[in-house]
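**Q** sharing a model prediction with you, sequence too.
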Amino acid sequence: MRESPRQELWVGAFVFVGLAAIAYLSIAIGGLRAGGPGGLEIVATFDEIGGLKNRARVVVGGVKVGQVKSVALAPDFRARVTLDVDRRLELPTDSSASILTSGVLGDQYIALEPGGGEEGGGNGPRFLAAGDEIQYTQGAVILERLIGKLIQNLGNGSSKNGGSDAGADGATSEEGSE
Amino acid sequence: MSPAASLRALGAGSLAVVRNLGRFTVFSLGLLVAGGRPPWRGRRLLREIYDSGVLSLVIVCISGVAVGAVLGLQGHNTLVRFGAEENLGAVVGLALIRELGPVLTSLLVAGRAGSAMAAEIASMKVTEQLDGLRMMSVDPLDFVGAPKATAMILSMPLLATLFTLFGIFGGYLVGVVVLGGDAGSYLSTLQDAVRFSDDVAGGLIKGLVFGVLVALIAAYRGFTAQPSSAGVSAAATSTVVIASVATLVSDYFITALWGY
């Protein structure tokens, strides 16, 4: 039972186009990469990560350089976030990491701010290597708490004269201790 | 009807359901074993892929564009209220990749190729061709059933992906070309929102599972059809009904288990 070459051609074309569609959907739209840049794992510990999820973006100056690999609770009840960034990235050891939100209600991501690179001096390592921890971190801003503080401050301000100053001072000192 | 008689009817009904499920399971295992061991029958498989895959291409592509266009229109009209119409690409793409692509393709293939497969096997039974194969000591399950089922299982993810891509194109046509949305934000919100492991892989797994379901149900209904012309049409009809319901019900469980 031989099939006509035309039928074979059609089946070949169908399978080829189908596989090409899967590849396009996976790579161009789904963002699948074999291995990908990545390869350099660094750790950052935050007081508060808000809604940060696995695979959230990690950016330097707005350019994506990696993603969040895992989020875990450290023994001191802070959030220990492992980042997987491009191994070619040479981040000074005094770089900082902060959790920001894209837009008002958008996804949360981590922005790395490269430091001056002077701390290492002559003896210590100058760049972050695999497994290193970022020293300077700033956690996520929780909108509800911010609003709560605002309401509290406004309440203090209206209840007694000159209270708004004290309330604002209290808020800043609280901020500093965090 | 006396209480005893209605109880008996209930018992008989339950037993029939269990018996049918058991027969279906045994049949499915037999078919998988037959398909999973040599001879591979590549020529037969090629022909069956032509029948269930290539011949379903046209309806899948047309339906894909139509569904994508409707999603684009509905999505645009709804998103405009929130001033979020630039997210149209994400809405259309996620809906198609995760749900509508695999599910609607499965319904279309069940209607187009599944019914044809059941009717063909059933009519081979009516005309005693299956008995003829058995007389030549050729297992009909291996020679007729396995290539058909394999072809459908292989075709379904490919067709579902094509449906999805044509749907995204249809949404682009309406959202960007007709309604004058921004082409760049359509594509970039789409790429931002879609992740391979959550969305694309989940959609492919759905396509594969639906392919297995439709293929097994169509083969089972074909091979167990009553050997009469009424049996042929009953096999085709019940294939479409059962395969469609199985697709929609299993879709929920796959979605829940995949952990969205």
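**A** Received the coordinates, thanks.
**Q** can you point me to the longest helix in the chain?
**A** No chain in the question, so chain A it is. helix A:5-24 (DSSP state H).
**Q** try chain B instead
**A** helix B:3-36.
**Q** from the middle of its chain, how far away would it be?
**A** Centroid displacement of helix B:3-36 relative to its chain, using CA atoms, centre = their mean, to the nearest Å, is 23 Å.
**Q** in CSV, list the C-alpha atoms belonging to the longest helix of chain A.
**A** Output in CSV follows, covering the C-alpha atoms of helix A:5-24 (Å, rounded to 0.1, in the frame of the first residue of the first chain):
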residue,chain,number,x,y,z
PRO,A,5,4.0,11.5,-2.8
ARG,A,6,1.5,14.3,-2.5
GLN,A,7,0.1,12.9,0.7
GLU,A,8,3.6,12.5,2.1
LEU,A,9,4.4,16.0,1.2
TRP,A,10,1.3,17.3,3.0
VAL,A,11,2.0,15.3,6.1
GLY,A,12,5.6,16.5,6.0
ALA,A,13,4.5,20.1,5.7
PHE,A,14,1.9,19.7,8.4
VAL,A,15,4.4,18.2,10.9
PHE,A,16,7.0,20.8,10.0
VAL,A,17,4.7,23.7,10.3
GLY,A,18,3.2,22.3,13.6
LEU,A,19,6.7,21.9,15.2
ALA,A,20,7.7,25.3,13.9
ALA,A,21,4.6,26.8,15.6
ILE,A,22,5.5,25.0,18.9
ALA,A,23,9.0,26.3,18.7
TYR,A,24,7.9,29.9,17.9
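**Q** show me what the longest helix of chain B is packed up against.
**A** Packed against helix B:3-36 by the contact rule (3 or more CB pairs under 8 Å, 6 or more residues apart in numbering or on different chains; DSSP states H and E) you find helix B:146-172, helix B:201-223. The C-beta positions use only the backbone N, C-alpha and C, and glycine is treated the same way.
**Q** tell me the bridge partners for A:E133.
**A** Taking DSSP bridges, one obtains A:V43 as the residues bridged to A:E133.
**Q** contact partners for it?
**A** By CB atoms under 8 Å, 6 or more residues apart in numbering or on different chains, the contact list for A:E133 reads A:I42, A:V43, A:A44, A:T45.
**Q** which of the residues in the longest helix of chain B are buried?
**A** The neighbour-count check on helix B:3-36 (16 or more other CB atoms under 10 Å in any protein chain shown) flags B:F24, B:F27, B:S28, B:G30, B:L31, B:A34, B:G35 as buried.
**Q** between those, which is closest to chain A?
**A** In terms of CB to the nearest CB, no member of the buried residues of helix B:3-36 lies closer to chain A than B:G35, at 17.9 Å.
**Q** tell me the pLDDT of that closest one.
**A** B:G35 is assigned 82 on the pLDDT scale.
**Q** next: A:P125.
**A** A:P125 is given a pLDDT of 66.
**Q** please report how far the residue of chain B found nearest chain A lies from B:V245.
**A** Across chain B, the shortest distance to chain A (CB to the nearest CB) belongs to B:L158, at 2.7 Å. In this view, B:L158 and B:V245 are 24 Å apart by CB to CB, to the nearest Å.
**Q** looking at the two, which is more packed in?
**A** Taking other CB atoms under 10 Å in any protein chain shown, B:L158 and B:V245 do not tie; B:L158 has more neighbours (27 against 12).
**Q** got the contact list for the closest residue to the more buried one other than its chain neighbours?
**A** Among residues not flanking B:L158 along the chain, A:G18 sits closest, at 2.7 Å (CB to CB, 6 or more residues apart in numbering or on different chains). A:G18 sits next to B:G53, B:S155, B:P157, B:L158, B:L159, B:T161, B:L162 when contact means CB under 8 Å, 6+ apart.
**Q** right, I'll call it a day here.
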